[in-house]
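>>> Pasting the sequence and the predicted coordinates here, then a few questions.
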Amino acid sequence: NLLLGCELTASTKSYTFQVDEEDDSDHILALSMVCLTDGAKDECNVVEVVGRNHENQEIAVPVANLKLSCQPLLSLDNFKLQPPVTFRLAAGSGPVHLAGWHRIMHREDASFEEDDDLSEEDGEELPPIMPAKK
């Protein structure tokens, strides 16, 4: 797991997270928190997640509407996304900080065949289970 953080502002309204197309690993991005940071005005700040749907069309979904006086912070409980994904400040001037983590799962690491091969190579057999003594 790797930590992820970015800040959206009036001058930097979007941040795109993508992985190398040639990478054969599975990637999961989990968004855990969105919050207003120092210098934010008391205005609505809407953060959208922009991705692609099952028909490969771009789709934008609002995930947070923050206002300094009533809701400066929102926990997203590790909202999972699959890269590439763009975070966009659709309204407001921020600054809005996004925090989460990036998990990389290597496909060869997830193979159960390797685990089986390792146990056979050891050459050790497990002793039979003996009944409990009364």
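Looks like it came in fine.

>>> got the residue ranges for the strands in this protein?
Per DSSP state E, the chain carries strands over the ranges 2-8, 14-17, 26-36, 45-52, 58-66, 73-81, 85-91, 96-105.

>>> which residues are contacting the last one?
The contact list for strand 96-105 (CB atoms under 8 Å, 6 or more residues apart in numbering) reads 1-9, 15, 17, 25-37, 40, 45, 47, 64, 66, 76, 78-79, 87, 89. From N, CA and C alone the C-beta is placed, and that goes for glycine too.

>>> Spit out the contact partners of Ser93.
When contacts are counted by CB under 8 Å, 6+ apart, Ser93 touches 9-10, 40-41, 43, 45.

>>> How much space separates it from Gln71?
From Ser93 across to Gln71, the span is 17 Å (CB to CB, to the nearest Å).

>>> what about the closest residue to Glu43 other than its chain neighbours, neighbour count?
Nearest residue to Glu43, sequence neighbours excluded (CB to CB, 6 or more residues apart in numbering): Gly92, at 5.1 Å. Look at Gly92: counted by other CB atoms under 10 Å, it has 23 neighbours.

>>> Surely Lys67 is in contact with Cys44?
Yes: with contact defined as CB atoms under 8 Å, Lys67 and Cys44 form a contacting pair (5.4 Å).

>>> low pLDDT regions in the protein?
Low-confidence segments of the chain (pLDDT under 70): 21, 23-24, 107-134.
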